[in-house]
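Novice: Generate coordinates for the sequence data below:
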Amino acid sequence: VQAHGSPKAGSLSNKFDKRVAGKLVTFEKQLSQQTQNTSLLKEAAKRELLNISAPLRAELMQKLREIMKKNMTSDPDMWERVKVLQRSMI
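Specialist: Numbers count the residues shown, from 1 in each chain. Alright, predicted model coming up:
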């Protein structure tokens with residue numbers, strides 16, 4: 001007895017294949033949606049991190065600016081007018 005050769009076996013296999021294919025499509029849609037949601041959450045977390053760290057970054061940049069001004073104008077032989085000009089440029 002050959003089960004695979006009978007028409008009934010072929011139709012069962014066909015129904016099974018269609019059911020599996022349908023479940024795969026559903027699974028792929030759900031996976032795609034979850035991937036989109038994860039991506040959106042990741043971007044929102046990045047934005048929030050930047051917003052939270054903004055004051056700290058601004059303070060750090062201000063201190064860096066002051067250090068640069070001090071170091072660039074620390075030459076005792078530099079004319080005062082040049083020092084003022086350099087400080088204003090930074």
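Novice: And for residue 58, the neighbour number?
Specialist: When neighbours are defined as other C-beta atoms under 10 Å, residue 58 has 10 of them. C-beta coordinates here come from the backbone N, C-alpha and C atoms, glycine included.
Novice: now residue 26
Specialist: 10.
Novice: and the gap between it and residue 14?
Specialist: According to C-beta to C-beta, to the nearest Å, residue 26 and residue 14 sit 19 Å apart.
Novice: low pLDDT regions in this protein?
Specialist: Low-confidence segments of the chain (pLDDT under 70): 1-12.
Novice: all helices for it, in order.
Specialist: All helices of the chain, identified by DSSP state H, fall at 7-72, 80-89.
Novice: my read: residue 83 touches residue 71, true?
Specialist: No: here residue 83 does not reach residue 71: they are 11.8 Å apart, not a contact under C-beta atoms under 8 Å.
Novice: which of these two has more neighbours?
Specialist: Between residue 83 and residue 71, residue 83 has the larger neighbour count (other C-beta under 10 Å), namely 15 against 9.
Novice: From the structure, what's the count of residues near the closest residue to the more buried one other than its chain neighbours?
Specialist: Nearest non-adjacent residue to residue 83, counting by C-beta to C-beta, 6 or more residues apart in numbering: residue 73, 4.1 Å away. Counted with other C-beta under 10 Å, the neighbours of residue 73 add up to 16.
Novice: so how far is residue 89 from residue 73?
Specialist: Residue 73 is 11 Å from residue 89, by C-beta to C-beta.
Novice: and for those two, which residues touch both?
Specialist: Residues touching both residue 73 and residue 89 (C-beta atoms under 8 Å, 6 or more residues apart in numbering): none.
Novice: shouldn't the residue nearest to residue 83 be in contact with residue 85?
Specialist: No: counting by C-beta under 8 Å, residue 73 does not reach residue 85; the two are 9.5 Å apart.
Novice: so how far is residue 63 from residue 72?
Specialist: 15 Å.
Novice: so how many other residues sit close to residue 68?
Specialist: Neighbours around residue 68, by other C-beta under 10 Å: 13.
Novice: what's near enough to touch the residue lying closest to it once chain neighbours are set aside?
Specialist: In this structure, residue 68 finds its nearest non-sequential neighbour in residue 90, 5.6 Å apart by C-beta to C-beta, 6+ apart. Contact partners of residue 90, counting by C-beta under 8 Å, 6+ apart, are 65, 68, 69, 72.
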